[in-house]
Structure formats: structure tokens, C-alpha cells
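> no sequence on this one, just coordinates:
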């Protein structure tokens with residue numbers, strides 16, 4: 001029987017710990033977010049963070065900027081905003097004309113809750129998606145040492161940090177992206193024990209591509225006709241030992257991990 005990850009329940013458990021930690025602080029840390037996009041998926045991400053902040057009692061400050069903003073203007077806005085908050089998220093992706101790496105470099109390391117700074121994250125801080133994947137594996141007592149792990153996507157938010165953390169745990173990790181030949185991808189998936197997908201392509205992984213009893217962690221998100229869908233076709237679920245679906249799996253836990261990073265950074269600063 002397939003186990004379905006209950007992301008909301010896990011996020012609530014983390015939230016209870018965050019709330020307890022803030023009760024021991026003289027001043028609650030403030031989370032700030034800069035948004036330079038109006039698409040449906042981005043707005044759903046921001047709304048989820050806003051709601052979670054309310055639940056755990058963390059002050060949440062939002063700054064919305066035009067998609068037509070110049071590089072110089074955005075750099076100024078981010079630098080000034082960073083001085084007013086304790087943790088800072090620059091919601092990705094940014095408009096194509098913006099140098100994303102230059103913007104991320106402006107986030108002080110001690111406020112980088114997304115762990116995206118080019119120089120690396122502070123001690124104890126893990127990228128929220130990677131943190132969510134590790135939390136799922138721990139919660140369900142899945143040992144990936146020497147297991148075949150396939151990560152679809154190599155992006156800064158999902159693929160790269162997830163692959164790094166799985167390798168750290170001893171997983172035999174292979175990565176794929178849109179440039180990976182289909183036959184090579186199929187071979188990886190057919191031999192996989194664990195599949196983590198963060199490509200953002202609806203129903204990218206179908207039942208004919210996976211072995212029985214695989215662990216499926218869907219970290220991809222896309223929007224079609226106002227509905228949020230994941231990379232892994234729901235028809236795959238009956239073939240898996242464990243599934244973290246989209247929505248309801250990685251997403252809520254990722255938000256919780258973002259705020260957990262805020263608490264870690266605030267504690268390091270004390």
C-alpha cells in the first residue's frame with residue numbers, strides 16, 4: 001500500500017517548534033519578501049508564506065515591485081529592504097532582464113533564509129526545498145545510503161541543493177534536466193529507488209517510466225487553468241512505496257523550513 005506524505009501535518013509540527021522558540025526571544029525576527037512577478041504560481045507561493053507567518057506569529061513584510069524595474073533600481077530596493085528585516089526572500093524567478101545572481105548576492109548571509117547566497121549558507125541553514133525532502137525521508141525512516149536517487153532539474157531552489165544533500169547522505173545521485181536525452185532519462189528512472197522531481201513540467205513522470213515500490217517526491221509546481229499541478233502524474237502513485245504529492249507534500253514543508261531557517265539565523269545572531 002502506498003504511503004502518502006501529509007505535508008501540512010509535518011509543517012504544523014515544525015510550526016509548533018518555531019512558535020515555541022519565538023516565545024523565548026526578546027524580539028521576534030521579521031521575515032521580508034521582495035516580489036517582482038505577477039504570475040499565478042508566484043502569488044500562491046507568497047500567499048502560503050504569508051499564511052504560515054500568521055500561524056507561527058512571525059512578522060511578515062512584503063514589498064511588491066514592477067516587472068519593468070531596472071537592475072539598478074532593484075539592487076537599491078533589495079539593499080535598503082534588507083536593512084529593515086531579519087530574514088529576506090527575493091521571490092524567484094525574477095524577470096529575464098534582471099541579473100539574478102547579482103541580486104541574490106545582495107542578501108546578507110545572516111539573513112539568507114533561502115540559502116542562495118553565492119558564497120554559501122550560514123551554519124545550520126539548508127535550502128528549504130532540500131530541507132523539506134530530508135524531513136520527509138526522516139519522518140518515514142527512509143535510508144538512502146547507497147540507493148539510486150534521480151533528481152530531475154538542476155535549479156538553484158530545487159535540483160542543485162537536493163542533489164547535494166542526497167549525496168551527503170550517501171545516495172548514488174544522478175541528475176537530469178531538459179537537455180538530458182529521453183532514453184538516458186528513462187534508464188535513470190527505471191533503475192531508481194528514489195525520484196525527486198523539480199522541473200515544473202506537469203505530468204513529466206508517468207507510470208511507464210518508473211519501477212514498482214519507488215519513492216516519489218514531487219517538488220515541481222506548474223499552473224494550468226488555475227490549478228496547481230506537479231511533475232509526477234497521479235497515475236504513478238499506485239506503483240510507489242511512498243509519494244509526496246503536489247500540492248500538499250513538499251510545498252507546506254518547504255515554507256516551514258524557510259521559517260525554521262529564520263529562527264536558526266536569529267539564534268546565531270544572538
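Okay, I see it. Fair warning: this is a prediction, and the values are worked out from it, not measured in the lab. Numbering: from 1, shown residues only.

> where does the stretch 1-150 of the chain dip in pLDDT?
Within the stretch 1-150 of the chain, no stretch falls below the threshold (pLDDT under 70).

> part of a strand, is residue 120?
No: using DSSP: H, G, I helix; E, B strand; the rest coil, the assignment for residue 120 is coil, not a strand.

> burial of the closest residue to it other than its chain neighbours, as a residue count?
Excluding the flanking residues, the one nearest residue 120 by CB to CB, 6 or more residues apart in numbering is residue 109, at 7.9 Å. Where C-beta positions appear, they are placed from N, C-alpha and C, glycine not excepted. Residues near residue 109, counting by other CB atoms under 10 Å, number 14.

> cool, and residue 219?
Look at residue 219: counted by other CB under 10 Å, it has 30 neighbours.

> how far away is it from residue 79?
Separation of residue 219 from residue 79 (CB to CB, to the nearest Å): 30 Å.

> the residue most central in space within the chain: what secondary structure?
Using CA atoms, centre = their mean, the residue of the chain that lies closest to the mean C-alpha position is residue 129, 2.7 Å off. The three-state label given to residue 129 by three-state DSSP is helix.

> so how far is the helix or strand in which residue 135 is found off the chain centroid?
If you go by DSSP states H and E, residue 135 is part of helix 128-139. In terms of CA atoms, centre = their mean, to the nearest Å, the centre of helix 128-139 is found 10 Å from the chain centre.

> can you list contacts of that helix?
By CB atoms under 8 Å, 6 or more residues apart in numbering, the surrounding residues in contact with helix 128-139 are 5, 7, 10, 14, 113-115, 126, 142, 144, 157-158, 161-162, 164-166, 169, 196, 198, 217, 219, 244, 249-250, 253-258, 260-261.

> return the set of buried residues in the longest helix belonging to the chain.
The single longest helix within the chain, with elements called by DSSP state H, is helix 250-269. For helix 250-269, burial by neighbour count (16 or more other CB atoms under 10 Å) applies to 250-266.

> just checking, what packs against it?
With contacts defined as 3 or more CB pairs under 8 Å, 6 or more residues apart in numbering; DSSP states H and E, the packing partners of helix 250-269 are helix 7-22, strand 31-35, helix 40-56, strand 87-90, helix 128-139.

> mind checking those for the one nearest to residue 223?
Shortest distance between residue 223 and those, using CB to CB, is found for helix 40-56: 4.4 Å.

> now the strands for the stretch 101-250 of the chain?
Applying DSSP state E, counting those that start in this stretch to the stretch 101-250 of the chain gives strands spanning 148-152, 172-176, 194-197, 214-218, 222-224, 227-229, 240-244.

> hang on, isn't residue 224 packed against residue 203?
No: using CB atoms under 8 Å, residue 224 is not in contact with residue 203; the gap is 9.9 Å.

> who has more neighbours out of these two?
residue 203 (16 against 10).

> spit out the contact partners of that one.
Counting by CB under 8 Å, 6+ apart, residue 203 makes contact with 229, 231-233.

> kindly indicate which of these lies nearest residue 86.
For these, the closest approach to residue 86 (CB to CB) belongs to residue 231, at 33.2 Å.

> excluding chain neighbours, what is closest to the closest one?
Using CB to CB, 6+ apart, the nearest residue to residue 231 is residue 220, at 3.3 Å.
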